[in-house]
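Undergrad: no sequence for this one, just the structure:
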């Protein structure tokens, strides 16, 4: 338990620092949006590029893991979106961000350190696989859905696809994934000055994104808004790992070699993490920053208990 606290406490402390600094007037709440733009456009793309470019493709491609995590995440995305639209009667944009919240994990800043404690030999491999699934498939798909919802869902389908593709081609996250895969596939050795420059940006992503999240929480009434995000939080912390576990159980039926126990545990734990730390930052461009920040805060607090439960079951 003390080892888990040693990992989670700094995360909460950085969020608290952002909240206190903004609440005390050291920063304005609008400054958090500037920090968010820096993370989204520079720091996070550098982190993703590093995760892909510095690994050989053969070291990170495990079909059973990829299929289990991908289709488990897609299952949760589909269930959450249609629950939002059909059951809760939410808008397309809000349903899209509900789907993003339950299907995209904080693999880098929370998941990887916890895997180092639980399944250290496969922690790096699991992180690389998650980066591929979440940044090559899940985030581009969800951003395309968000762009589609911004247009009101109108227009011909081919026009929507073309417009979304044009916007995605300019998206820093998509560009970083593409560049990282190209470098990995071509086995290009980057010059040391380039690697160190990218590392400097990448190292800024974790702390600054959490700090910005804390600042975004200033002015929110969490006591009156927590009920709205409970389904999202439960779907992420319990539904997502169960969906990945279900697909992992079915994958051997189609002839794919099943995962070894440690990799299977890594897939479940990665799915059990809170949603990605830039969730509110992505949401601010679509008017969903406040709700997303509330969901992330409650999810992070709740994850201490749910993760402890999942670790106990795995042990």
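TA: On my side now, so go ahead. As the structure is a computational prediction, the values presented were derived from the model and not from experiment. Residues are numbered from 1 along each chain as shown.

Undergrad: thought residue 104 was touching residue 139?
TA: Yes. If you go by C-beta atoms under 8 Å, residue 104 and residue 139 touch, sitting 6.7 Å apart. Yep, even glycine has a C-beta here, placed from its N, CA and C like the rest.

Undergrad: contact partners of stretch 230-245?
TA: 68-69, 72-73, 75-76, 79-80, 83, 88, 98, 101-103, 105, 267-272, 274-275, 295, 298-299, 302-303, 306-307, 310 (C-beta atoms under 8 Å, 6 or more residues apart in numbering).

Undergrad: now for residue 27: which residues touch it?
TA: Residue 27 neighbours (C-beta under 8 Å, 6+ apart): 21, 215.

Undergrad: any idea how far residue 19 is from it?
TA: 10 Å (C-beta to C-beta, to the nearest Å).

Undergrad: got any residues that touch both of these two?
TA: Common neighbours of residue 27 and residue 19 (C-beta under 8 Å, 6+ apart) are residue 215.

Undergrad: any idea how far the helix or strand hosting residue 181 is from the chain center?
TA: According to DSSP states H and E, residue 181 maps onto helix 172-186. Centre-to-centre, helix 172-186 and its host chain are 18 Å apart (C-alpha atoms, centre = their mean, to the nearest Å).

Undergrad: before we move on, what about stretch 87-106?
TA: Distance, stretch centre to chain centre, for stretch 87-106: 13 Å (C-alpha atoms, centre = their mean).

Undergrad: ends of that stretch, what's the gap?
TA: Start and end residues of stretch 87-106 are separated by 27 Å (C-alpha to C-alpha, to the nearest Å).

Undergrad: cool, and stretch 242-260?
TA: The first-to-last residue distance of stretch 242-260 comes to 18 Å (C-alpha to C-alpha).

Undergrad: return the set of buried residues in that stretch.
TA: 242, 243, 244, 245, 247, 248, 251, 256, 259 (16 or more other C-beta atoms under 10 Å).

Undergrad: may I see these organised as TSV, with secondary structure, distance to residue 62 and pLDDT added?
TA: Converted to TSV, those look like this (DSSP: H, G, I helix; E, B strand; the rest coil; distance: C-beta to C-beta, whole Å; pLDDT from 0 to 100):
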residue	secondary structure	distance to residue 62	pLDDT
242	helix	21	97
243	helix	18	97
244	helix	14	97
245	helix	16	96
247	helix	14	96
248	helix	11	95
251	helix	11	94
256	coil	10	89
259	coil	7	91
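
Undergrad: quick one: which two of the residues you listed are the most distant?
TA: 242 and 256 (19.9 Å; C-beta to C-beta).

Undergrad: returning to what we had before: narrow the contacts of stretch 230-245 to those in helices?
TA: With helices taken from DSSP state H, the overlap with these comprises 68-69, 72-73, 75-76, 79-80, 98, 101-103, 267-271, 295, 298-299, 302-303, 306-307, 310.

Undergrad: by mean pLDDT, flag the weakest helix or strand of the protein.
TA: Lowest by mean pLDDT, DSSP states H and E among the helices and strands of the chain is helix 157-169, with a mean of 65.

Undergrad: what about the helices in the stretch 1-150 of the chain?
TA: Assigned by DSSP state H, counting those that start in this stretch, the stretch 1-150 of the chain shows helices spanning 2-23, 29-38, 44-53, 57-60, 63-82, 92-103, 112-118, 120-132, 139-150.

Undergrad: among those helices, which is nearest residue 284?
TA: Nearest of these (C-beta to C-beta): helix 29-38, 6.0 Å.

Undergrad: tell me the angle of the closest one relative to helix 44-53?
TA: Relative orientation of helix 29-38 and helix 44-53, computed by axes from the mean of the first three to the mean of the last three C-alpha atoms, to 10 degrees: 30 degrees.
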